[in-house]
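J.: sequence-free structure coming up:
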């Protein structure tokens, strides 16, 4: 077993990525059998084109943090890695279909160093590809009913759907408040959206799924959530900082996406609470515009003010604080094997220091 989290992440990326490729090939084959059963073989070119688009985001290969956390917790609690792999695969598939939809909802220009899918094909076809991956995710989850005890498979499925439900609720709140140009956002409001979209979906959900696969109790699941909460906040704050400061190892061409999208972050909230009334008026006027109507000089003006008022430095200090809190809570996760504890510490460090 590797002691380095980055190595562990790469190992799981290779393993789960291979399962995703195999599953999607199998699902395509099954779907083609339905087409041929219906006597419609002449539409093979349209069929292949559809599946090429469906495979686009999975082929780009993300970080695979979420499926790696499923595997990590299952293994750390002496669970079977083989029996966790389909849940981890479904976790990654969920990320890919959510990102297709999310990129369209946010008007994002890029994803993983390439144009967002709705810029390569029409928005309608991109959303349809996301719908197909959503359906494929369910097919993968159904494999658990073959591998696991039926009651356990149901528990895993239930937790999975609770996680997705909380994620889409958080997305609704973020979209609505952005569209409404909500100007009275509080830190509590921002953390509320983060707790659904990031805390549960990125950290708590994957860890809890892995723990369930290893036979965790309800009390242990609650301790996992308590540990995950500050770590999820750290992840999102780091993500927000990277949007303003990083180039994602040269892959990112469109900068300052969160400002263009009008996203309410802790960084923006800090700025609005420290700038002058005149500056706030100009900021809010820019944020109220649709992405395509925002001028680069106005967006850069907001970005420069974030340096002037130390808003990014504030966010970085908050990320450090939440990472430290997560490390202190790691001792409460006393049901993982000792030789995995270093990997968990490495996970916290990876989330805090990641560059992309």
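T.: Right, received. Where do you want to start? Worth saying up front: this structure is predicted, and the values here are computed from it rather than measured.
J.: spatially central, which residue of this structure would that be?
T.: residue 202 (5.3 Å; CA atoms, centre = their mean).
J.: touching, that one and residue 65? I think so.
T.: Yes: with contact defined as CB atoms under 8 Å, residue 202 and residue 65 form a contacting pair (6.9 Å). For every residue, glycine as well, the C-beta is placed using N, CA and C.
J.: give the closest residue to residue 21 in space, chain neighbours not counted.
T.: Once flanking residues are discounted, residue 21 sits nearest to residue 58: 7.7 Å by CB to CB, 6 or more residues apart in numbering.
J.: per-residue confidence for that neighbour?
T.: pLDDT for residue 58: 97.
J.: test my guess that residue 265 contacts residue 189.
T.: No: Residue 265 is not in contact with residue 189 according to CB under 8 Å; the separation is 11.2 Å.
J.: if I've got this straight, the residue nearest to the centre of the chain is in a strand?
T.: No: under DSSP: H, G, I helix; E, B strand; the rest coil, residue 202 falls outside any strand and is assigned helix.
J.: pLDDT below threshold where in the stretch 201-350 of the chain?
T.: Residue ranges of the stretch 201-350 of the chain with pLDDT under 70: 247-254.
J.: buried residues of the helix or strand where residue 19 lies, list them for me.
T.: Element membership for residue 19, per DSSP states H and E: helix 5-37. For helix 5-37, the neighbour count (16 or more other CB atoms under 10 Å) marks 5, 8-9, 12-13, 15-17, 19-20, 23-24, 27-28, 31 as buried.
J.: check which element follows it along the chain.
T.: Toward the C-terminal end, the helix or strand that comes next after helix 5-37 (DSSP H and E) is helix 44-54.
J.: quick one: mean pLDDT for that following helix?
T.: Rounded mean pLDDT across helix 44-54 is 98.
J.: re the thing from before, okay, residue 265 and residue 189: which has more neighbours?
T.: The residue with more neighbours, out of residue 265 and residue 189 and counting by other CB atoms under 10 Å, is residue 265; that gives 23 against 16.
J.: now the more buried one: how far from residue 278?
T.: In this view, residue 265 and residue 278 are 22 Å apart by CB to CB, to the nearest Å.
J.: got it, and residue 51?
T.: Residue 51 is 54 Å from residue 278, by CB to CB.
J.: between these two, who's got more neighbours?
T.: Taking other CB under 10 Å, residue 51 and residue 278 do not tie; residue 51 has more neighbours (18 against 8).
J.: what's the closest non-adjacent residue to that one?
T.: Once flanking residues are discounted, residue 51 sits nearest to residue 28: 4.9 Å by CB to CB, 6+ apart.
J.: hmm, residue 50 and that neighbour touching each other?
T.: No: counting by CB under 8 Å, residue 28 does not reach residue 50; the two are 9.2 Å apart.
J.: need the strands for the chain, in chain order.
T.: Remark: strands assigned in the chain by DSSP state E are 110-111, 114-115.
J.: which among those is found nearest to residue 326?
T.: strand 110-111 (27.6 Å; CB to CB).
J.: sheet partners, orientation included, of the closest one?
T.: strand 114-115 (antiparallel) (DSSP bridges).
J.: farthest residue from the center of the chain?
T.: What lies farthest from the middle of the chain is residue 39; by CA atoms, centre = their mean that is 40.1 Å.
J.: quick one, phi/psi of it?
T.: Phi and psi for residue 39, reported as degrees, to the nearest 10, are phi 70, psi 30.
J.: so what's the nearest residue to residue 205 once chain neighbours are set aside up against?
T.: Distance criterion CB to CB, 6+ apart; nearest residue to residue 205, sequence neighbours excluded, is residue 163 at 3.5 Å. For residue 163, the contact set (CB atoms under 8 Å, 6 or more residues apart in numbering) comprises 200, 201, 204, 205, 208, 209.
J.: out of the residues you listed, which is nearest to residue 229?
T.: Distance to residue 229, by CB to CB, is smallest for residue 204 among the contacts of residue 163, at 7.2 Å.
J.: ok, now which ones touch the closest one?
T.: 163, 224, 225, 228, 229, 232 are the contacts of residue 204 under CB under 8 Å, 6+ apart.
J.: for residue 212, see how far away it is.
T.: Distance, residue 204 to residue 212, by CB to CB: 12 Å.
J.: can you check residue 112 too?
T.: To residue 212, residue 112 is 29 Å away according to CB to CB.
J.: which of the two has more neighbours?
T.: Set residue 112 next to residue 212 and count neighbours by other CB under 10 Å: residue 212 wins out with 27 against 16.
J.: contacting residues around stretch 292-303?
T.: When contacts are defined by CB under 8 Å, 6+ apart, stretch 292-303 is touched by residues 107, 244, 256, 259, 260, 268, 271, 282, 283, 286.
J.: so what's the last one closest to, chain neighbours aside?
T.: Distances taken as CB to CB, 6+ apart put residue 298 closest to residue 286, at 4.4 Å, once the chain neighbours are dropped.
J.: what about that neighbour, how many residues nearby?
T.: A count of nearby residues for residue 298, using other CB under 10 Å, gives 17.
J.: now residue 309: phi and psi?
T.: Phi and psi for residue 309, reported as degrees, to the nearest 10, are phi -100, psi 10.
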